[in-house]
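Peer 1: model the structure of this input:
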Amino acid sequence: MSVRQRILGLHAIVSPDCEILNEPAEETFQRYSERWTDIAREIPAAIVLPTTEADIQKTVHWGVESSIHFVIKGAGGSEWSTIGDNGFVIDLGRYSSVTVDAQGGTATVRGGITQKEVAVALAEENLFTALGNGNVVGVTGYALGGGSAITNSLTGFGSDQIISARLITAKAELVEVTEKQQPDLLWAIRGAGHFFGVVTELVIKAYPFSLLGTEDGTIWSGAFVLPLDRAKEVAEVMDTLMDDDRYGTSGLMMIAAPPPNKKPSLVIAARHIGDPAKVQEAYQPLYDLKPLVANGAQVPIQNASDGREAFTANGTFKRFGIVGLRRFDIDRFMQTVEVWRQLVEECPDALSTSFNFQWDSRPVRTPEFESAMCLHDTRYW
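Peer 2: Predicted coordinates:
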């Protein structure tokens, strides 16, 4: 009997609200099988859509007892939340929610809740937390894997925000993970949390807007664009700017060919956290280069990633790789520019490929506890 046929037995175990999709030709099935990337994407035998933690637990138990492989999908941003017709997907999208405890300075996130949803909910209470660059990225998966944030110097990484968790083990046992209960497991899920069970809920830290240096919860976000032929002089300016901790600068220096003209360029997607009056001074060395484009404004922190929708859309064949670096090296950066030029020359389709150098001018905030996340001395990516 095929997995697609066997999955029908799950109907008798879960609640009526838990929908099970097992017809790949149906539009709903196809929509829920989408991912951020189509690389290695497979078509599962079924997609289970639980709406309660109890149904998630029952589904895990049934899969283990039936010796049928399954994977978990939060918001669908990973390459590994897919499986072939020898298994099924537990999609946590319908279990998603966020609850903010403004007085306690925490937020409880469940299922496949996204960064934008959490950021907006926190902002309504004049709070923020450590989140990355993608609005549609799932908060749980982001935090469990470490999670570099746009506020690293203020908050630390995404994994540093985890206060507690609820986790379903391979034996389908529901476990409370706290400092008092399962402290070793808490240590592990703060940075390596994808490997120990199905995390249904996280309680994370939240911070007041005042920590941003602006009472209205805004940060400065802007862009500078220069021809790629000027890479050397830009790199020399950025070498100093990125290491100047007098200002709260951070962002990405990208070797790319941005639309609509698709001309090889250096794009500095820049941010500044702190006194808005310091922005001009902080980025004056870039303004002095007279870039083709130089713009920016104070934006609410919950909207800081709104300009990146094109990068976070589902589908097509794309991959995102990241590695931590100890320092910025101008000569090696120039070698990277030449590698990118050669790549585009030999493979014109690679014009949509970019190399991004991420920086934060100030050190990452180090938590008061130890965890599996061991990259707090890394400011460059």
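Peer 1: okay, and the beta partners of the nearest residue to Leu292 once chain neighbours are set aside?
Peer 2: Residue nearest to Leu292 in three dimensions, not counting chain neighbours: Val225, with 4.9 Å by Cβ to Cβ, 6 or more residues apart in numbering. No exception for glycine: its C-beta is placed from N, CA and C like everyone else's. With DSSP bridges as the criterion, Val225 is bridged to Val267, Val293.
Peer 1: what separates Val225 from Val339, distance-wise?
Peer 2: Using Cβ to Cβ, to the nearest Å, Val225 is found at 21 Å from Val339.
Peer 1: of those two, which one has the most company?
Peer 2: Shown here are Val225 and Val339; by other Cβ atoms under 10 Å, Val225 has more neighbours (18 against 12).
Peer 1: which segments of this protein make up each domain?
Peer 2: Residue ranges for the domains of the chain, per automatic domain parsing: 3-94, 213-360.
Peer 1: pick the most buried one from those.
Peer 2: Among the domains of the chain, the stretch with the highest mean neighbour count (mean count of other Cβ atoms under 10 Å) is domain 3-94, at a mean of 18.
Peer 1: can you give me the end-to-end span of that one?
Peer 2: 23 Å (Cα to Cα, to the nearest Å).
Peer 1: gap between the longest helix along the chain and the chain center?
Peer 2: Assignment by DSSP state H gives helix 330-346 as the longest helix of the chain. How far helix 330-346 lies from its chain's middle: 27 Å, per Cα atoms, centre = their mean, to the nearest Å.
Peer 1: which one is Val198 nearest to, not counting chain neighbours?
Peer 2: Nearest one to Val198, counting by Cβ to Cβ, 6+ apart, is Ile168 at 4.3 Å.
Peer 1: kindly list the main-chain dihedrals of that neighbour?
Peer 2: When quoted as degrees, to the nearest 10, the phi and psi of Ile168 stand at phi -100, psi 120.
Peer 1: quick one: it from Gly76, how far?
Peer 2: Taking Cβ to Cβ, one finds Ile168 at 20 Å from Gly76.
Peer 1: also Leu167?
Peer 2: Leu167 sits at a distance of 21 Å from Gly76 (criterion: Cβ to Cβ).
Peer 1: cool, Ser2 as well?
Peer 2: 25 Å.
Peer 1: next: Glu201.
Peer 2: Glu201 is 19 Å from Gly76, by Cβ to Cβ.
Peer 1: how about Ser15?
Peer 2: Distance, Ser15 to Gly76, using Cβ to Cβ: 24 Å.
Peer 1: same question, Ser361
Peer 2: Ser361 is 33 Å from Gly76, by Cβ to Cβ.
Peer 1: same deal with Asp245?
Peer 2: With distances taken as Cβ to Cβ, Asp245 is found 37 Å from Gly76.
Peer 1: what kind of secondary structure is His194 in?
Peer 2: Three-state assignment for His194 (DSSP: H, G, I helix; E, B strand; the rest coil): helix.
Peer 1: and for the nearest residue to it once chain neighbours are set aside, the neighbour number?
Peer 2: Using Cβ to Cβ, 6+ apart and skipping the chain neighbours, the partner closest in space to His194 is Leu144 (5.5 Å). Using other Cβ under 10 Å, Leu144 is surrounded by 26 other residues.
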